[in-house]
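Engineer: Sequence and predicted structure below; questions after.
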Amino acid sequence: MPLPNQVWNQVEDCFNRIPSFEPELREAILFRIAGGNQWNAPWARLQQVASKDIFITLLRSTVQTICDTELERLTLRAIEKAIPKENENDKLAMGRVLSSHFGMSATDTHQVSVLFLAAEPTNDSALRLGKELREIQEVIGVANRDNAALVLEMPQFATRPKDLLNKVLGFRPSLVHFSGHGDPCGGLKLESQDGRSQTVEPEALADFFSQCKQYLQCVVLNACYSSEQAKEISKHIPCAIGMSDKIGNADAVKFSVGFYTALNNANTDFPAAFSAGCSMLKLENSPYVNVPGLYRNGQRVQV
């Protein structure tokens, strides 16, 4: 489905404020073996597109004349990745424009896009959330980018309810990972405007994530006492992971390392990745082996 002129004007405006293009951008557009369905990626990487005008012309003619789903997906991903990380408003705005036209995210490709959210209210015990993110980044970073199963989006710390809504709806990720505190009485502890704890109830979380089922495949709640929240969320999306009891900070990180290591190799096989996370706890002699739970259709499942 070709891009309409109105959308193209916004795409070009975005490009005009981008100082340079990533190799992935050229690989996405310079484009496929003539008459075939396979991407000529090695050739594309060798191309050096010096002129922004030439590049936009190629992009426009390619997308507007070829009705090719894979080309559209790669183009959307390339556009999203080209926007500087620090220019978050442009990234979210372009994501909304493109998703409204195609019905998909700018990051909606064969890859699993992971959105990391964290909250550490000032009136709760300290957590090493930066360490968990760093470990996940290292796992994802060891993959070959051309064939990477996972892509980590811009993380969000000090997550408030409005940040949760803004980030998930803006990025439209395949997987949402929350790291922080859970409430023994139910709910997740996000942060208020002043940085203190603000509990979001399981039903409210489930209701929000039910609006994301078009693209969201899994939610990981790496927080103590988060099983009830995962159970409710799993009624609306394919699966969710939560903790049935408290879990130590270091053990929560170990579970994440096992989970994402497997997911990078097994692509979107979430049950296998969950099992690998539990196996990592077993290998480390963790006392919390049975705390993580995988939920589908509102029920905890054995894998």
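Structural biologist: Looks like it came in fine.
Engineer: tell me how far the ends of stretch 113-123 are from each other?
Structural biologist: 32 Å (C-alpha to C-alpha, to the nearest Å).
Engineer: Mind listing what's buried along that stretch?
Structural biologist: 113-121 (16 or more other C-beta atoms under 10 Å). Just so you know, the C-beta spots here come from the backbone N, C-alpha and C atoms, and that holds for glycine as well.
Engineer: same deal with stretch 172-188?
Structural biologist: So stretch 172-188, judged by 16+ other C-beta under 10 Å, has buried residues 172-183, 186-188.
Engineer: end to end, how far does it reach?
Structural biologist: End-to-end distance for stretch 172-188: 21 Å, by C-alpha to C-alpha.
Engineer: what do you get for stretch 125-134?
Structural biologist: Stretch 125-134 end-to-end distance (C-alpha to C-alpha) = 20 Å.
Engineer: now what about it, what contacts it?
Structural biologist: 116, 118, 120, 155, 157, 179-181, 222, 249, 252-253, 256 (C-beta atoms under 8 Å, 6 or more residues apart in numbering).
Engineer: for stretch 161-169, same thing?
Structural biologist: For stretch 161-169, using C-beta under 8 Å, 6+ apart, the contacting residues are 92, 115, 117, 156, 159, 176, 190, 198, 200, 208-209, 212, 216.
Engineer: any low-confidence regions in the stretch 51-200 of the chain?
Structural biologist: Within the stretch 51-200 of the chain, the stretches with pLDDT under 70 are 51-111, 126, 142-148.
Engineer: All the helices of it, residue numbers only.
Structural biologist: For the stretch 51-200 of the chain, the helices defined by DSSP state H, counting those that start in this stretch cover 52-65, 69-82, 88-102, 129-141, 161-171.
Engineer: From residue 251, how far off is residue 121?
Structural biologist: 21 Å (C-beta to C-beta, to the nearest Å).
Engineer: ugh, wrong one, I meant residue 190
Structural biologist: 22 Å.
Engineer: who's more crowded, the two?
Structural biologist: Between residue 190 and residue 251, counting by other C-beta atoms under 10 Å, residue 190 is the more crowded of the two (24 against 20).
Engineer: Bridge partners for that one, pull those for me.
Structural biologist: Taking DSSP bridges as the rule, residue 190 bridges to residue 198.
Engineer: Would you confirm that it contacts residue 200?
Structural biologist: Yes - if you go by C-beta atoms under 8 Å, residue 190 and residue 200 touch, sitting 5.6 Å apart.
Engineer: Could I get the buried residue list for stretch 284-292?
Structural biologist: Buried, per 16+ other C-beta under 10 Å, within stretch 284-292: 286, 288-289, 291-292.
Engineer: list the contacts for residue 139?
Structural biologist: By C-beta under 8 Å, 6+ apart, the neighbours of residue 139 are 257, 260-261, 264.
Engineer: gap between it and residue 256?
Structural biologist: On the measure of C-beta to C-beta, residue 139 and residue 256 end up 8 Å apart.
Engineer: Could you do residue 122 as well?
Structural biologist: For residue 122, the distance to residue 256 equals 24 Å [C-beta to C-beta].
Engineer: what about residue 303, distance to residue 152?
Structural biologist: In terms of C-beta to C-beta, residue 303 sits 24 Å off from residue 152.
Engineer: err, residue 209, not the other one
Structural biologist: For residue 209, the distance to residue 152 - C-beta to C-beta - is 20 Å.
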